[in-house]
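Student: Okay, sequence plus prediction incoming.
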Amino acid sequence: MINSGLELAAGFLAIAVLLFLSGLISGSEVAFFSLTPNDYEEIQDMDNSSSKLLLELKEKPRRLLATILIANNFINIAIVLISEWLLKTLLPDELTQDWGRALIELFSLEGSVDQEILATVLRFSITVIGVTFLLVLFGEVAPKVYARYNKVPLALRMSRPLNLMMGFFRPLTFTLVNGAAVIERRLENHTQDIVAASQQDIDEAIDLTVKLQESGEEGQRQDVDILKRIVQFANVTVRQIMRSRGDVIAVEKNIDYHALLAIIRENNYSRLPVYEEDFDKIRGLLYVKDLLGHRNEGPEFDWFQLVREDVLYIPENKRISELLKEFQQEKMHLAIVVDEYGGTEGIVTLEDVLEEVIGDIQDEFDEDDEIIYEQIDDLNFIFEGKTLLKDVCRILDLPTSTFDEAKGDAESFAGLLLELLGQFPVAEQELEFRDFRFKIVSITHRRIEEILITLPSKEE
């Protein structure tokens, strides 16, 4: 009897400890994933081992979440198993069978319900209801409410235990994270296919609805193109419209004033990014209008004092519909595009975003033909490697999805060839994709300069 009492006490203690651990882990999930940039600045200023470890965990969100889920599941399974054993000890078969017999007699169910089955169902129901109540209240709701108001202290306390668990569960988290990534990519591709198909259907509907007449066709054609661009607007990313870093006109902060003025006169831009040492270290933006009061200064003039340090940084995969709202909120016309490591990819302007809807905007400083290409005959064209694939398709009157199968993440013509080859090409190298033939016309050690594309023969 004494041993049985000790076993029951140990069982209840084990459930209490496991519920506490479940609560800590559930609370830490809320604490970690609700930290704001201001919270991370506060944590960084602490400069202790826990804060440093927490900042390291910030860089591994998928592994951290997988570890929390795996640990919580193991604990919950242990709670269920121990609870089942406790209830079986507290409610022996004879007692539950007596309850079952009483219910059968009470509701006159003799002959229609088996007494043993009803007893098993009663014990199972008590286990499920009781364990669910305990897990929801003490393992989920209460800890998450506490974590919401104490996220920084709880995240700091749990950083070391979770880091240890990440090491312990590493094989499982690796499998879970990579498996989820595969499923995510397939779902993303499937979603993109559905969106592309929907857009194509809408494009066809617009063409069918708007009947173009021979007279006045140009104006109506422009209206149709604008409608199509509006439909596609929400799915265009910054990467697709940005100006890559190789084509950006920027100035180094230490050049003399006269050299700066020469760059401004040559390029006629109203805003210029200013960097220190290299383009990955942007220091601010120079607004040319701020120089109007200093036109007669000497070469030693400290023009850097006029640089505005408020710079809008955006990721390359940001939707331009979201960027347009951000431009409006921040009252800015230019943003610096950065990659996942913080390196500068290029720039994007408000004009670039608007051109995706209304078409090219030409001012008095723009060249008449911004896209440089040469038409050799009806089937052969030479484009610059930096030309965007969508512009190539537009000029060649091809569907914008023509090269989607092979382009991967590439947005430029040169990027398409790099995806097809899997390596950097050599001059005069030729390759084929479907019925299209490509030839490298001009190349440097860093980039593909010019590409010849041969279209499929109409006879084919």
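Tutor: Yes, it's here. Numbers count the residues shown, from 1 in each chain.

Student: now the helix or strand Pro143 falls within, how far from the centre of its chain.
Tutor: Pro143 belongs to helix 142-149 when assigned by DSSP states H and E. Between the centre of helix 142-149 and the centre of its chain there are 28 Å (C-alpha atoms, centre = their mean, to the nearest Å).

Student: domains for the protein, by residue range?
Tutor: 2-168, 238-358, 373-454 (automatic domain parsing).

Student: re the thing from before, please list the outside residues in contact with the helix or strand just after the helix holding Pro143.
Tutor: Per DSSP H and E, the first helix or strand lying C-terminal to helix 142-149 is helix 151-168. Contact partners of helix 151-168, identified using C-beta atoms under 8 Å, 6 or more residues apart in numbering, comprise 24-25, 27-28, 30-32, 34-35, 39, 42-43, 46, 50-51, 53-54, 56-57, 60, 63-64, 67-68, 71, 146-147, 173. From N, CA and C alone the C-beta is placed, and that goes for glycine too.

Student: Only the buried subset of the residues you listed, as a ChimeraX command please.
Tutor: For the buried members of the contacts of helix 151-168, the matching ChimeraX selection, counting by 16 or more other C-beta atoms under 10 Å, is:
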select :24,25,27,28,30,31,32,35,43,51,54,57,63,64,67,68,71,146,147,173
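
Student: So which residue is dead centre in this structure?
Tutor: Compute the mean C-alpha point of the chain, and by C-alpha atoms, centre = their mean the closest residue is Asn317, 6.5 Å away.

Student: mind checking the SS state of it?
Tutor: Here Asn317 is recorded as coil under DSSP: H, G, I helix; E, B strand; the rest coil.

Student: looking at this protein, which helix or strand does the model trust least?
Tutor: Within the chain, no helix or strand scores below helix 217-233, which has a mean of 59 by mean pLDDT, DSSP states H and E.

Student: hang on, Tyr287 packs against Arg271?
Tutor: Yes. Using C-beta atoms under 8 Å, Tyr287 makes contact with Arg271 at a distance of 5.7 Å.

Student: so what does the longest strand that the chain contains touch, helix or strand wise?
Tutor: Determined from DSSP state E, the single longest strand within the chain is strand 278-287. When contacts are defined as 3 or more C-beta pairs under 8 Å, 6 or more residues apart in numbering; DSSP states H and E, strand 278-287 packs onto strand 271-276, strand 344-349.

Student: Off-centre distance for that strand?
Tutor: On C-alpha atoms, centre = their mean, the centre of strand 278-287 falls 25 Å from that of its chain.

Student: Pull out the buried positions in it.
Tutor: For strand 278-287, by 16+ other C-beta under 10 Å, it's Phe279, Ile282, Arg283, Gly284, Leu285, Leu286, Tyr287.

Student: try stretch 301-321
Tutor: Phe301, Trp303, Phe304, Leu306, Val307, Val311, Leu312, Ile314, Glu316, Lys318, Ile320.
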